[in-house]
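In: Next come a sequence and a model predicted from it.
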Amino acid sequence: MSASTFRIDRTVTSGTFSLDGGTWDVDNNVWVIGDDTECVVIDAPHDATAIIDLVGGRTVTAILLTHAHDDHIDAVSTLFEAVEAPVHLHPDDRMLWDAVHADTGPDGDLADGAEFSVAGRTLRVLHTPGHSPGSCCFHLPEEGVVFTGDTLFSGGPGATGRSYSSFETIIASITEKLLTLLPETVVHTGHGDSTTIGAEAPHRQEWVDRGH
């Protein structure tokens, strides 16, 4: 029997994001990390069926949420029912979770430095507040990849103009937790195209100047 191949799969789901009385159309990335037997799902936006199809019958060992804005968690109940994997969220985003899923809670809390094993690899949690208080990224050093949710995009930091967000905090998080990773680290984002740490790092001062 040939060895099962570790891989990172992506699907894009479409729906809406609502906060502070506004609603916007959005396309979200969903990342599934693992091999032919088991996997971890990062975020549960909009369309549980599309995520389940990407899982493809594998055992899901965890559903990891980068943060609890509704466009990242609105399909989590249906996904959980299908794959029966524990849902993990940083507790600092519980108020955002409760606005969407008032009758149930996550199964586990994310914490900075916590680790999740999948298919012989280790995902390390990086708590990166700013876009929301409980925003987290997931670093996969063996593959040279970090999953940044809405903390860092191709072109700069995630939005900080809405409730519970802070521009100064997201800049500190990116500087201390992400720009310290190897420059060749691939950044897989919550929306849009992937980038690298090396491509984004030179623009930090531009972000700061633009944000003030």
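Out: Here it is on my side, so go on.

In: got the buried residues for the helix or strand of the chain with the lowest mean pLDDT?
Out: Here the helix or strand of the chain ranked lowest by mean pLDDT, DSSP states H and E is helix 204-211, holding a mean of 93. Neighbour-count burial for helix 204-211, counted by 16 or more other C-beta atoms under 10 Å, picks out W207. Where you see a C-beta, it was placed from the backbone N, CA and C, and this is true even at glycine.

In: Stretch 14-32 too?
Out: Buried-residue list, stretch 14-32, by 16+ other C-beta under 10 Å: 15, 17-19, 26, 28-32.

In: still on that earlier bit, and the least confident helix or strand of the chain, what other elements does it pack with?
Out: strand 156-157, helix 167-173 (3 or more C-beta pairs under 8 Å, 6 or more residues apart in numbering; DSSP states H and E).

In: Check the burial of G130 by counting its neighbours.
Out: 25 (other C-beta atoms under 10 Å).

In: got it, and D47?
Out: D47: 20 neighbours (other C-beta under 10 Å).

In: pretty sure it is touching T13, no?
Out: Yes. Counting by C-beta atoms under 8 Å, D47 touches T13, with 4.2 Å between them.

In: Just say helix, strand or coil for E200.
Out: helix (DSSP: H, G, I helix; E, B strand; the rest coil).

In: Excluding residues flanking it in the chain, which one is nearest it?
Out: The shortest distance from E200 to any non-neighbouring residue, by C-beta to C-beta, 6 or more residues apart in numbering, is to L152 (6.4 Å).

In: Now do the phi/psi pair for the one you found.
Out: Taking degrees, to the nearest 10, you get phi -140, psi 130 for the backbone angles of L152.

In: same question for stretch 178-190, mean pLDDT?
Out: Averaging pLDDT along stretch 178-190 yields 98.
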